[in-house]
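>>> Kindly generate the corresponding structure for this input.
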Amino acid sequence: MNGWSILQRCRQSITQISRNELTGPYFIEELYRLTKGDAIISTEVGQHQMWAAQFYKYSEPRTLLTSGGLGTMGYGLVLPSSTDRPPNKQVINLAGDGCFRMNMNELCNCRTLQCAYYRSSI
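So this is what the prediction gives:
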C-alpha cells in the first residue's frame, strides 16, 4: 500500500462518526454538504481553523477568511458585517468554546439590537 492510499484511508476514517461520537472534520464536511459549498467560512482561533482549511471543499477564491496563525480571537465575528459579498452568500463563523465565550457579549448585543447581518438561533 503506498503512502497516498494510507493518507486517504486515514482521512476517511477521521471524518466518519465512530461509536456515536461527532468529530470536527465530520462536522465541517456536513457543513459543506448543507451549504453546497456556497458559503464564505470565517474562523476564530483553534483546531477548527485547520479543519476548515482541510475539510471544507472551497471552489472560489477568498471564501476562507482566517487570521492564519496570528491568534486573533474575535476575528471571525465581525466578518459577516464587514465582508464585501453578494447578498445571497452566507458567511458562517466557526468558533470554539473559548472564542464563543469571548464573543458571547457581542452576540447578545447583536441579538438585542437585531443586527441585520446576524441571523442565529441564540
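>>> Helices of the protein, start to end?
Across the chain, reading from the start of the chain, the helices by DSSP state H fall at 3-15, 24-35, 47-55, 79-82, 97-112.
>>> for stretch 51-61, the distance to its chain's centre please.
9 Å (Cα atoms, centre = their mean, to the nearest Å).
>>> Can we start the residue count at 275 from this point?
In the new numbering, first residue 275, that becomes stretch 325-335.
>>> That stretch spans what distance, first to last residue?
Stretch 325-335 has an end-to-end distance of 18 Å (Cα to Cα, to the nearest Å).
>>> confidence score at the residue positioned nearest the centre of the chain?
The residue at the geometric middle of the chain, judged as the C-alpha nearest the mean C-alpha position with Cα atoms, centre = their mean, is Leu368 (3.5 Å). Leu368 carries a pLDDT score of 88 in this model.
>>> Kindly report the same for Gly277.
pLDDT recorded at Gly277 is 53.
>>> Equivalent analysis for Trp325, please.
Note for Trp325: predicted pLDDT of 90.
>>> That one and Ile302, how far apart?
Distance of Trp325 to Ile302, given as Cβ to Cβ, to the nearest Å: 5 Å. (Each C-beta comes from the backbone N, C-alpha and C, glycine too.)
>>> again, but for Ala327
9 Å.
>>> Mind checking which of those two has more residues around it?
For the pair Ala327 and Ile302, the greater number of neighbours falls to Ile302 (22 against 15), based on other Cβ atoms under 10 Å.
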